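Chemist: predicted coordinates and the sequence they were generated for:
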Amino acid sequence: VRDCLDYFDANDLQAEGLFRVSGSRRDVEKILSVYASRANTGEGKGVDLSGEGEATVCTLLKDYFRSLPDPLVPYRHFDTLCALASQPEAEWLKHSLPLCQDFSPIRRELCLRLFALLSRVAQHREANLMDEANLARVFAPVLMLGEGHSPLEQLTQLNHVIITLERFIRHYPVLFENSVDEET
């Protein structure tokens, strides 16, 4: 994840459809095999992604989040955050802040970096056509899921998930920065 986030920190965020366009599955598998090989031989964990295309790195990042046993937004907060999505933004923020502070320190740090990146991507919406809503729509199926929810139940909550992720993108410093800083 760090390699992917560092890649986007060093590269242009203006590619049209950034995070919406899928990368080559073959290229992603090749990168994953390099990670596995390095882990098995003790060569270190980092992989230089600078020669890869944006779509491949986007797919690699989304695949990581898809593979987590508990999504980035923990299962235990799914129903509450979905219920809060219908609240006015100020009320939502007041009630969501304690939930976000309940995330583990590593999860909060990951949220801080990811949502900061997505906020920067959204700042280039004129070029990349990816505003907060589009980014939330693309990441909804991998970042925020209901545990044990059927696909139909997930679909009925999709608008609430998108609203929640849009707000995470807009308010990430308030939701995640202070709680990470307090522990370092």
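Modeler: Thanks, I have it.

Chemist: residues in contact with the most centrally placed residue in the chain?
Modeler: Geometric centre of the chain, nearest residue: residue 114, 5.1 Å, by Cα atoms, centre = their mean. Residue 114 makes contacts with 5, 72, as judged by Cβ atoms under 8 Å, 6 or more residues apart in numbering. Every C-beta, even on glycine, is put in place using the N, C-alpha and C of the backbone.

Chemist: so where does it fall, helix or strand?
Modeler: Per DSSP states H and E: residue 114 is located in helix 105-122.

Chemist: buried residues in that helix?
Modeler: Neighbour-count burial for helix 105-122 flags 107-119, 121-122 (criterion: 16 or more other Cβ atoms under 10 Å).

Chemist: which other residues reach stretch 88-108?
Modeler: 72, 74, 77, 80-81, 84-85, 87, 111, 164, 167, 171, 174-176, 179-180, 183.

Chemist: out of these, which are buried?
Modeler: Buried among the contacts of stretch 88-108 (16+ other Cβ under 10 Å): 72, 74, 77, 81, 84-85, 111, 164, 167, 171, 175-176, 179-180.

Chemist: so which residue of this structure lies furthest out from the middle?
Modeler: Within the chain, the residue lying farthest from the chain centre (Cα atoms, centre = their mean) is residue 41, at 29.3 Å.

Chemist: tell me the pLDDT of that residue.
Modeler: With respect to pLDDT, residue 41 has a value of 77.
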